[in-house]
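Trainee: make a model of this:
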Amino acid sequence: MVKVFLSCPYTGDEDYNLMRSIDYTNKLIALGFAVFNPLLYHYCDEKVRQPYETWAHIDIEFMLVCDCVLRISGISKGADKEVRIAEMNGIPVYYSITDLLQECS
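Mentor: Have a look, this model is predicted:
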């Protein structure tokens, strides 16, 4: 099973971005991918606040064991940083589900 790291904007309109990431996660799961969606940590952070850096570090650790990254459109310094780190580590980055399917199915 191909492991996909979902890289997407969060800040700005957090509710919209969270729901959008969940929609992508469900689509990818239905297509047979194993998905890591770091925005789901939103719910953990509601219970126990963690510094941004803690979440960012955890995200990168999971991304480094994924087979690829799906970058969801939108302005995001964090997601852009994830893409740079993925590329530096030879992890393919895709910008649409269609491209991901062409390469990974």
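
Trainee: need the single longest helix in the protein, by residues.
Mentor: For the chain, the longest helix by residue count, based on DSSP state H, is helix 14-30.

Trainee: list the buried ones in it?
Mentor: With burial defined by 16 or more other C-beta atoms under 10 Å, the residues of helix 14-30 counted as buried are Asn17, Leu18, Arg20, Ser21, Tyr24, Thr25, Leu28. (C-beta placed from N, C-alpha, C; glycine too.)

Trainee: out of these, who's nearest Val4?
Mentor: For those, the minimum distance to Val4 (C-beta to C-beta) is 5.7 Å, reached by Leu28.

Trainee: what strand or helix carries the closest residue in space to the closest one that isn't next to it in sequence?
Mentor: If you skip the residues right next to it in sequence, Leu28 has Val35 as its closest partner in space, 4.7 Å away by C-beta to C-beta, 6 or more residues apart in numbering. In the assignment (DSSP states H and E), Val35 maps to strand 34-36.

Trainee: tell me the strands beside that strand, with direction?
Mentor: The strands that strand 34-36 pairs with in its sheet are strand 3-7 (parallel) (by DSSP bridges).

Trainee: which positions in the strand it pairs with come out as buried?
Mentor: When neighbours are counted by 16+ other C-beta under 10 Å, the buried residues of strand 3-7 are found to be Val4, Phe5, Leu6, Ser7.

Trainee: so, low pLDDT: which residues of this structure?
Mentor: Scanning the chain for pLDDT under 70 picks out the ranges 41-48, 105.

Trainee: that one: strands as residue ranges?
Mentor: With DSSP state E as the criterion, the chain has strands at 3-7, 34-36, 68-71, 93-94.

Trainee: please state the offset of the last one from the chain centre?
Mentor: For strand 93-94, the distance between its averaged C-alpha position and the chain's averaged C-alpha position is 11 Å (C-alpha atoms, centre = their mean, to the nearest Å).
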